[in-house]
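Visitor: my questions are about this predicted structure, shown below with the sequence.
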Amino acid sequence: MVPLNWYLTVAALLFALGLYGALARRNAIAVLMGIELMLNAANLNLVAFWRYGEQVMALTGQVFAILIIALAAAEAAVGLALIIAVYRDRRTVDVEELDLLQG
Amino acid sequence: MNALGLLLPELILLVGALLVFLLDVAYDTDRESGASYGLVSGLFLVVAFLAAFFQMSLEPQQAFMMDIDAFAAFIKMTVFAGMALVALAGGRYMNRRTYNQGEFWTFFLIVSLAMSILAGANNLVLIYITIELLSITSYMLAAFFRDELRSAEAGMKYFLYGSVASAVMLYGLSFIYGAVGSLDLREVAGFFVQPDLTEELRVAMIPATLLALAGFAFKASLAPFYQWAPDTYEGSPTPVTTYLSTASKAAAFAVMARFFVVGLSALDVEWVPILAGLSILTMTMGNLAALRQNNVKRLLAYSSVAHAGYILMGLVAVAANAASGMDGLNGVLLYLFAYLFTNVGAFVSLMAVEETTGSVEMEAFQGLIHRAPWLAGMFTLFLLSLAGIPATGGFLGKFFVFGAAVQHQYYWLVAIALVNAGIAAFYYLRIIRTMYFGSQEDAGSRLELPLGMQATLLICTLATLWIGLYPPQVLDWVNTASQQILTAVLF
């Protein structure tokens, strides 16, 4: 069986990639993709911990992961709607150009 | 009482939200002014408030991953009171500016529902899902005037910061699950006090809890994660800003208190310095930025960040010693309660000026005393309460929070907080000076306030004075609430 550490390492890499994407990219869609990667890293963790844990029958990790998948979809839907609302007015989805509110 | 009855406030709000939603679908919205939706929402919030009041006197118990105790009930009362006041004052404001009134009021009730669940949630799954429900609905409400550039931008920024923070939090929670094997807060607490817990594992859990803190800190607008707050508060519709800065913050602090006090009381050594540091950073950053604002809405936004820092001091005192954490928790609850009425009042005053002058810049407040003496007087009271002048609710909140920190010998923390309170008084007084000593010529005509705003301002004024001058009843609630949550702590 593949050891637990491998899963955690992959998840950590995914999380780091996602965080980098969310913080460094200027395109709002790319930021959204980074956020999805971070959520999936957490999902991977949860399922791996569930599989290797002592209470396999409790299903907590799996159920949490499924809920997060649904949540990520809701978040993406609202996020994309907001991006479209901004795009309609400004013809850009660059987060650096969101500068009406500052100071 | 059967188990479903314990969910009474939540069920009431759920029914209300669905009802408004169905009414919106069933009736032609073009002919609707939205006033009926606002009325229905307000009534459901009032009934939910009464249900929460009733829950204050119940024996603490657990059901549906939630603690039904006086602590949760007190927070629910605070939240529902705030939301009902926002509906009363801001209903007309929102209805006149949007065509989708039905949607607005549905979301408004769903936000209240989310905060209500958050007040009692004792399982990390439920905590995470409810924070997301609250956040996602709030993103939509912040951007509700979607054709306005500023509102859309406010929602977008809120969304970008919020979803990163909640993803980071989730990653932390996944490690807590990995170590503990459960997401129940009491089992998390049990994990940290078990005798065969190795030092390595204990230390390894600290980064995980720090990641989880990111999510809470974001919702409560604490230091490293507060940048969204001023932008979102400034750009959002004012009624939305009002609840984001009061009710939403109360729910965030409630869940934070439960997470740290019930779940992580054994890690107190580690998180006291962290929380104390965040507290100092939050209040200092908030106050310094508020000093140079000329937009009163933005000024109040920064001031609300600073207030989050003061409230956090109370949690620091709880952290120092959970066994004697009574006074700290009392401070947090009392502060949240008093702050709610004060800040709702302040934002409604702002809304009243915005309604008539169309501006929230400092100039719009020039000579307000001549145009609307009552409004100016009440706004003054709210600002004095925010500054913490005695005889107001805000003073009592600060007194308890600072007192708790003194009792646990955090003198340096109190010293910094006092300096901060001094700085804050300076910019609150600046608004007051503008209102009273602006020249009479550019004052313009008298302000006529809608009835809803008048009523809200009056209720907020009375509540602020009531808490400040005759607090025994509130202190009694607060005591019961903190006692009940502290009995859940494992030592």
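Guide: That came through, no problem. Numbers count the residues shown, from 1 in each chain, chains lettered A, B, ... in the order given.
Visitor: so what's the residue nearest the centre of chain B closest to, chain neighbours aside?
Guide: By C-alpha atoms, centre = their mean, the mean C-alpha position of chain B lies nearest to B:Lys249, the distance being 2.2 Å. Leaving aside its chain neighbours, B:Lys249 sits nearest to B:Ala220 (5.8 Å; criterion: C-beta to C-beta, 6 or more residues apart in numbering or on different chains). For the C-beta atoms, the positions are set from N, CA and C on the backbone; glycine is no exception.
Visitor: helix or strand for the residue nearest to the centre of chain B, which one?
Guide: Assessed by DSSP states H and E, B:Lys249 sits inside helix B:247-258.
Visitor: after that helix, which helix or strand is next? Please name it.
Guide: Helix B:247-258 is succeeded, C-terminally, by helix B:268-291 (DSSP H and E).
Visitor: most residues in a single helix of chain A, which one?
Guide: Looking across chain A with DSSP state H, the single longest helix is helix A:60-90.
Visitor: contact partners for the residue most central in space within chain A?
Guide: For chain A, the residue nearest the mean C-alpha position is A:Glu36 (2.6 Å; C-alpha atoms, centre = their mean). Residues near A:Glu36 by C-beta atoms under 8 Å, 6 or more residues apart in numbering or on different chains: A:Gly18, A:Ala72, A:Ala76.
Visitor: if we can go back for a sec, list the contacts of the helix holding B:Lys249.
Guide: Helix B:247-258 has contacts (C-beta under 8 Å, 6+ apart) with B:67, B:71-72, B:75, B:78-79, B:82-83, B:86, B:111-112, B:114-115, B:118-119, B:121-122, B:127, B:130-131, B:134, B:138, B:185, B:216, B:219-221, B:304, B:308, B:311, B:315, B:318, B:329, B:332, B:336, B:340, B:485.
Visitor: convert the C-alpha atoms of that helix to CSV, please.
Guide: Taking Å, rounded to 0.1, in the frame of the first residue of the first chain, the C-alpha atoms of helix B:247-258 are listed here in CSV:
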residue,chain,number,x,y,z
ALA,B,247,-23.8,40.8,13.5
SER,B,248,-21.3,39.0,11.3
LYS,B,249,-18.5,40.0,13.6
ALA,B,250,-20.4,38.8,16.6
ALA,B,251,-21.0,35.4,15.0
ALA,B,252,-17.3,35.2,14.1
PHE,B,253,-16.1,35.9,17.6
ALA,B,254,-18.6,33.4,19.0
VAL,B,255,-17.3,30.6,16.9
MET,B,256,-13.7,31.7,17.6
ALA,B,257,-14.4,31.6,21.3
ARG,B,258,-16.0,28.2,21.1
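Visitor: relative to helix B:268-291, how tilted is that helix?
Guide: Relative orientation of helix B:247-258 and helix B:268-291, computed by axes from the mean of the first three to the mean of the last three C-alpha atoms, to 10 degrees: 160 degrees.
Visitor: buried ones in helix B:247-258?
Guide: B:Ala247, B:Ser248, B:Lys249, B:Ala250, B:Ala251, B:Ala252, B:Phe253, B:Ala254, B:Val255, B:Met256, B:Ala257, B:Arg258 (16 or more other C-beta atoms under 10 Å in any protein chain shown).
Visitor: what do you get for stretch B:394-412?
Guide: Neighbour-count burial for stretch B:394-412, with 16+ other C-beta under 10 Å as criterion, is recorded at B:394-398, B:400-405, B:408, B:410.
Visitor: quick check: B:Gln101 vs B:Asn95, distance?
Guide: Per C-beta to C-beta, to the nearest Å, B:Gln101 is found 5 Å from B:Asn95.
Visitor: the more surrounded of the two?
Guide: Each of B:Gln101 and B:Asn95 has its neighbours counted (other C-beta atoms under 10 Å in any protein chain shown); B:Gln101 has more, 23 against 19.
Visitor: so how far is A:Glu75 from the spatially closest residue to that one that is not a sequence neighbour?
Guide: Once flanking residues are discounted, B:Gln101 sits nearest to B:Gly34: 2.8 Å by C-beta to C-beta, 6+ apart. B:Gly34 sits 28 Å away from A:Glu75, going by C-beta to C-beta.
Visitor: show me which of these two is the more surrounded one.
Guide: Higher neighbour count among B:Gly34 and A:Glu75: A:Glu75, with 24 against 21, using other C-beta under 10 Å.
Visitor: low pLDDT regions in the chain?
Guide: Went with chain A since none was named. For chain A, the stretches with pLDDT under 70 are A:103.
Visitor: could you do chain B instead?
Guide: Ranges of chain B meeting pLDDT under 70: B:1, B:28-32, B:319-325, B:439-444, B:490-491.
Visitor: what residue of it is the furthest out?
Guide: B:Asp196 (39.3 Å).
Visitor: so who does residue 37 touch?
Guide: Defaulting to chain A. A:Leu14, A:Phe15, A:Leu17, A:Gly18, A:Gly21.
Visitor: let's do chain B instead
Guide: By C-beta under 8 Å, 6+ apart, the contact set of B:Tyr37 is B:Val20, B:Leu23, B:Asp24, B:Asn95, B:Gln101, B:Gly102, B:Phe104, B:Trp105.
Visitor: what's around A:Ile66, how many residues?
Guide: Neighbours of A:Ile66 using other C-beta under 10 Å come to 14.
Visitor: what distance do you get for it to B:Arg96?
Guide: Distance from A:Ile66 to B:Arg96, by C-beta to C-beta: 42 Å.
Visitor: then B:Ala372?
Guide: 20 Å.
Visitor: give me the more crowded residue out of those two.
Guide: Neighbour tally, B:Ala372 and B:Arg96, criterion other C-beta under 10 Å: the higher count belongs to B:Ala372, 21 against 12.
Visitor: ranking the contacts of B:Tyr37 by neighbours, who comes first?
Guide: B:Trp105 (30 neighbours).
Visitor: distance of the closest residue to it other than its chain neighbours from B:Phe104?
Guide: Of all residues not flanking B:Trp105 in the chain, B:Tyr37 sits nearest, at 4.1 Å (C-beta to C-beta, 6+ apart). Per C-beta to C-beta, B:Tyr37 is found 8 Å from B:Phe104.
Visitor: give the contact list for the residue nearest to B:Lys249.
Guide: So B:Ala220 contacts B:Lys249, B:Ala252, B:Phe253, B:Met256, B:Ala308, B:Ile311, B:Leu312 (C-beta under 8 Å, 6+ apart).
Visitor: swap in B:Lys398?
Guide: Contacts of B:Lys398 by C-beta under 8 Å, 6+ apart are B:Tyr310, B:Tyr335, B:Gly388, B:Ala421.
Visitor: which of these count as buried?
Guide: Counted by 16+ other C-beta under 10 Å, these give B:Tyr310, B:Tyr335, B:Gly388, B:Ala421 as buried.
Visitor: how about the first one, what does it touch?
Guide: To tie it back to what came earlier, the one meant is B:Tyr310. If you count contacts by C-beta under 8 Å, 6+ apart, then B:Tyr310 has B:Ser279, B:Met283, B:Tyr335, B:Gly397, B:Lys398, B:Val401, B:Ala417, B:Asn420, B:Ala421 around it.
Visitor: quick check: B:Leu8 touching B:Gln55?
Guide: Yes: using C-beta atoms under 8 Å, B:Leu8 is in contact with B:Gln55, at 7.4 Å.
Visitor: so for the two, which residue has more residues nearby?
Guide: Each of B:Leu8 and B:Gln55 has its neighbours counted (other C-beta under 10 Å); B:Gln55 has more, 21 against 18.
Visitor: for the residue lying closest to the more buried one once chain neighbours are set aside, give me its contacts.
Guide: Counting by C-beta to C-beta, 6+ apart, B:Gln55 lies nearest to B:Ala73, which is 3.9 Å off, once chain neighbours are set aside. Listed by C-beta under 8 Å, 6+ apart, the contact set of B:Ala73 reads B:Ala52, B:Phe53, B:Gln55, B:Met56, B:Leu58, B:Ala119, B:Ala481.
Visitor: confirm that B:Asp67 lies within a strand, as I assumed.
Guide: Yes: counting by DSSP: H, G, I helix; E, B strand; the rest coil, B:Asp67 falls inside a strand.
Visitor: okay, and the beta partners of it?
Guide: Assessed by DSSP bridges, B:Asp67 has beta-bridge partners B:Gln62.
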